[in-house]
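S.K.: Would you be able to build a 3D model of this:
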Amino acid sequence: MSSRKHRGATYRPWAFTEHGALMAANILRSARAREMSVFIIRAFLRMREELAANGAILKRLAEIDRTLLVHDSALRDL
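M.R.: This is a model prediction of the structure:
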């Protein structure tokens, strides 16, 4: 269901979260639904890990870039 506060009752949700997939599997109660629920939750977890790793790499690259700019200006002064 969509949120009436944000989009109204007539609109469908844009995407499922892993929690939504788990709730759907609990309602369907089939072996296939459980398997897909576990698969989806694992996919979400891996996606979060990859995004966190990319964020750390981008932060480190920004630090290196700042350091290089400082070194470049110091070399120009020499």
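
S.K.: Find the centremost residue of the chain, please.
M.R.: Centroid-nearest residue in the chain: residue 48, 4.6 Å away (criterion: C-alpha atoms, centre = their mean).

S.K.: Distance of that one relative to residue 22?
M.R.: Here residue 48 is placed at a distance of 15 Å from residue 22 (C-beta to C-beta, to the nearest Å). Glycine gets a C-beta too; all of them are placed from N, C-alpha and C.

S.K.: same thing with residue 73?
M.R.: 53 Å.

S.K.: With residue 44 instead?
M.R.: 10 Å.

S.K.: Likewise for residue 74?
M.R.: As judged by C-beta to C-beta, residue 74 and residue 22 stand 55 Å apart.

S.K.: One more: residue 66?
M.R.: Residue 66 is 42 Å from residue 22, where distance means C-beta to C-beta.

S.K.: Settle it for me: which of the two has more neighbours?
M.R.: residue 22 (17 against 10; other C-beta atoms under 10 Å).

S.K.: Run through the residues that contact the more buried one.
M.R.: By C-beta atoms under 8 Å, 6 or more residues apart in numbering, the residues touching residue 22 are 37, 41.
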